[in-house]
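In: okay, structure incoming, though there's no sequence with it:
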């Protein structure tokens, strides 16, 4: 059982960001009118009570009107909270309503962002992201999901670039995942693979901190890559468990601190031991599974999925709330098409004793 995050319109492509100091979770989504003429960004706010196992105290829904331009549609929200400067970023794509239903939509779109100094209560005007793009890059796009702030304060937005293969043919190009460092608005490294939408997470390995990237290539197969220099360069893993796995849609990544069982109920200090969670719908788009990797430096160490939704399921995103609680939002449907976003909350205690059990049992979920 779960709670609907959005209603009334058609809502797709969820993403969220959490403020651990105020216990406020913001969930963003594409909002499309019934006739599909234009898209906006919707936001719903949840306030959690840590003393009641992170049960929501209140919530409200609104259209983020600042994230729009006249005659354009907005889509693919990607929030990121700069904890050091207490500033919230919301990245998104804008495209002319005239091009909304064209095949190469992102090719004719622009990457923009707005900011908030009060965690979504009010927003700035629209800013256009200007970066020093790689050679022959003709456009920049963003998928969906959240951004990343590393332990040293670096802000990273996972995007993908359109690389021109033949300047005389506008339809001949390929896409590559790209890491953008927003603190100085410069491009990081292209993942050396023909990939598009991606997500990134910072984890710890034997050699220290590194960034793990999970992306989708042109054949809709998963690509795993690692960066040991904070996103400046990436190396593709060729023999991971997910390597070349066929998938229907991109997944969601979450890195969070893991302590021993006696300390799981406390977030007193960050642990160098971080595990990776990865949510991925089945190829048929029915079951939504959560994969666990206790040694993220080993791409073969993923468990089989724990099923948290029996279906239907689509794109998802995750956020770590603290005290072992994890929120997961995902697309689902009441009719023929995916048209709604719901959220489930589960505690890692439910997975902890059975991380070596790969039977794919149903994960116990807290109903909101």
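Out: Now that the structure is in, tell me what you want to look at. Keep in mind that this is a model prediction, so the values were computed, not measured. Numbering: from 1, shown residues only.

In: and residue 200, helix, strand or coil?
Out: Each residue gets one of three states, and residue 200 gets strand by DSSP: H, G, I helix; E, B strand; the rest coil.

In: could you report the neighbour count for it?
Out: Here the number of neighbours of residue 200 (other CB atoms under 10 Å) works out to 26. Where C-beta positions appear, they are placed from N, C-alpha and C, glycine not excepted.

In: what's the answer for residue 22, then?
Out: 10.

In: ok, it - contacts?
Out: Residues near residue 22 by CB atoms under 8 Å, 6 or more residues apart in numbering: 47, 119.

In: could you say which helix or strand holds it?
Out: Remark: residue 22 resides in no helix or strand, with elements defined by DSSP states H and E.

In: do you know how far it is from residue 219?
Out: Computed as CB to CB, to the nearest Å, the residue 22 to residue 219 distance reads 42 Å.

In: what does residue 275 give?
Out: From residue 275 to residue 219 the distance is 29 Å (CB to CB).

In: tell me the pLDDT at the nearest residue to residue 325 once chain neighbours are set aside?
Out: The spatial neighbour of residue 325 that comes closest, neighbours along the chain excluded (CB to CB, 6 or more residues apart in numbering), is residue 54 at 4.7 Å. As predicted, residue 54 sits at a pLDDT of 75.

In: what do you get for the one 3 residues further on?
Out: Residue 57 is assigned a pLDDT of 71 by the prediction.

In: pLDDT score assigned to the residue nearest the centre of the chain?
Out: With distances taken as CA atoms, centre = their mean, residue 145 lies nearest the centre of the chain, 2.1 Å away. The score at residue 145 is 87. That number is its pLDDT.

In: residue 278 is in contact with that one, correct?
Out: No: checked against CB atoms under 8 Å, the pair residue 145 and residue 278 is beyond contact range at 11.8 Å.

In: find the residues that touch each one of the two.
Out: What both residue 145 and residue 278 touch, as defined by CB under 8 Å, 6+ apart, is the set 252-253.

In: ok so, going back, residue 275 and residue 219: who's more crowded?
Out: residue 275 (21 against 10).

In: am I right that the more buried one sits in a helix?
Out: No: counting by three-state DSSP, residue 275 is not part of a helix but strand.

In: for the residue nearest to it when sequence neighbours are not counted, give me the pLDDT.
Out: Among residues not flanking residue 275 along the chain, residue 258 sits closest, at 4.9 Å (CB to CB, 6+ apart). What the model reports for residue 258 is a pLDDT of 77.

In: mind telling me what element residue 209 is part of?
Out: Secondary structure assignment for residue 209, by DSSP H and E: strand 208-217.

In: could I get the contacting residues of the closest residue to residue 116 other than its chain neighbours?
Out: Spatially, and ignoring its direct neighbours in sequence, residue 116 is nearest to residue 88 (4.3 Å; CB to CB, 6+ apart). By CB under 8 Å, 6+ apart, the contact set of residue 88 is 17, 26, 79-82, 115-117, 119-120.

In: show me what residue 137 is bridged to.
Out: Counting by DSSP bridges, residue 137 is bridged to residue 163.

In: and residue 251, what does it touch?
Out: Residue 251 makes contact with 199, 214, 222, 278-281, 316, according to CB under 8 Å, 6+ apart.

In: residues near residue 218, how many?
Out: The burial count for residue 218: 11, using other CB under 10 Å.

In: burial measure for the residue nearest to it when sequence neighbours are not counted, as a count.
Out: With CB to CB, 6+ apart as the criterion, residue 218 has its nearest non-adjacent residue at 5.1 Å, and that residue is residue 194. Residue 194: 15 surrounding residues under other CB under 10 Å.

In: residue 220 is in contact with residue 194, correct?
Out: No: counting by CB under 8 Å, residue 194 sits too far from residue 220 to count as a contact (11.8 Å).

In: note down every partner strand of the helix or strand containing residue 47 and its orientation.
Out: Using DSSP H and E, residue 47 sits in strand 39-49. Sheet pairing of strand 39-49 (DSSP bridges) gives strand 24-32 (antiparallel), strand 55-63 (antiparallel).

In: chain center to whichever helix or strand comes after the last one: distance?
Out: Using DSSP H and E, the helix or strand that follows strand 55-63 towards the C-terminus is strand 72-82. A distance of 11 Å separates the centroid of the chain from that of strand 72-82, by CA atoms, centre = their mean, to the nearest Å.

In: would you check that residue 138 makes contact with residue 108?
Out: No: taking CB under 8 Å as the definition, residue 138 is not a contact partner of residue 108, at 10.4 Å.

In: got a list of what residue 45 touches?
Out: Contacts of residue 45 by CB under 8 Å, 6+ apart are 24-27, 59-60, 120.

In: and the pLDDT for residue 123?
Out: As predicted, residue 123 sits at a pLDDT of 97.

In: ok, it touching residue 67?
Out: Yes: counting by CB under 8 Å, residue 123 does reach residue 67; the two are 7.2 Å apart.

In: common neighbours of the two, please.
Out: The contact lists of residue 123 and residue 67 share 90, 114, where a contact means CB under 8 Å, 6+ apart.

In: quick one, which of the two is more surrounded?
Out: Using other CB under 10 Å as the criterion, residue 123 and residue 67 rank with residue 67 on top: 23 against 18.

In: C-terminal to the helix or strand hosting residue 141, what's the next element?
Out: Element membership for residue 141, per DSSP H and E: strand 137-142. Sequence order places strand 148-149 as the next helix or strand after strand 137-142, per DSSP H and E.

In: who's in contact with that next one?
Out: For strand 148-149, contacts defined as CB under 8 Å, 6+ apart pick out 80-84, 155-158, 200-202, 211.

In: those residues: which two are farthest apart?
Out: Maximum pairwise distance in those, criterion CB to CB, is 19.9 Å, between 84 and 158.
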